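A.B. asks: fold the following and give me the result.
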Amino acid sequence: MITFNSIDVSISLSQLAIKSWLLEVTKSENKVIGHINYVFCNDSYLLDINQRFLDHDTYTDIITFDNSNANFISADIYISIDRVNENAVINEVAVAAELLRVIVHGVLHLCGYKDKSNSEALLMRSKEEEKINMFHVER
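C.D. replies: As a prediction, the model looks like this:
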């Protein structure tokens, strides 16, 4: 099950299309979704979580709390819409494209991908692109 919630932000998503896509993404990584709860919020909300739970005093676009068990992936994933908007401008991409990247970034962490070293970050970015290319909306 995949759920979407928002706190102090307004967001428009094609929930059905994103859920279908994420099921396809996890299947391609030989994982099964247990429960993923996405929470879309603002910078200050995510900064507070970063400070309280991770002892980091920085803004971030995403925090993933992994509750997975073997190949069953479950998590609470917090995404700052403020960071998504700013990163879209910096990276010169549409906000919707940046949001998809961040959404799948969290799932890729649950699938075992890291991004701390340069080589890990390069692989993560490559996987993000691969998985974004799997996204399609019924027309």
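
A.B. asks: which stretches of the protein form helices?
C.D. replies: Here the chain has its helices, by DSSP state H, at 15-28, 43-54, 81-90, 95-110, 118-132.

A.B. asks: can I get those in TSV including mean pLDDT and mean neighbour count?
C.D. replies: Using the backbone N, CA and C atoms, a C-beta is placed for each residue, glycine as well. Listed next are those as TSV, based on pLDDT from 0 to 100; neighbours: other Cβ atoms under 10 Å:
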stretch	mean pLDDT	mean neighbour count
helix 15-28	96	16
helix 43-54	97	15
helix 81-90	97	17
helix 95-110	97	21
helix 118-132	97	14
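
A.B. asks: now render the ones you listed as TSV, adding distance to Phe4.
C.D. replies: Formatted as TSV, the helices of the chain follow (distance: least, Cβ to Cβ, whole Å):
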stretch	distance to Phe4
helix 15-28	6
helix 43-54	16
helix 81-90	12
helix 95-110	10
helix 118-132	18
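
A.B. asks: contacts only, for the closest residue to Phe4 other than its chain neighbours.
C.D. replies: Leaving aside its chain neighbours, Phe4 sits nearest to Tyr38 (4.9 Å; criterion: Cβ to Cβ, 6 or more residues apart in numbering). Applying Cβ atoms under 8 Å, 6 or more residues apart in numbering, we find Tyr38 in contact with Ile2, Thr3, Phe4, Asn5, Ile77, Ile79, Ile103, Gly106.

A.B. asks: can you rerun that using 10 Å?
C.D. replies: 2-6, 11, 13, 15, 18, 22, 62, 75-79, 102-103, 106-107 (Cβ atoms under 10 Å, 6 or more residues apart in numbering).

A.B. asks: returning to what we had before: mind checking the helices of the chain for the one nearest to Asn69?
C.D. replies: Nearest of the helices of the chain to Asn69, taken as Cβ to Cβ: helix 95-110 at 11.1 Å.

A.B. asks: got the angle between the closest one and helix 15-28?
C.D. replies: Orientation of helix 95-110 against helix 15-28 (axes from the mean of the first three to the mean of the last three Cα atoms, to 10 degrees) gives an angle of 40 degrees.
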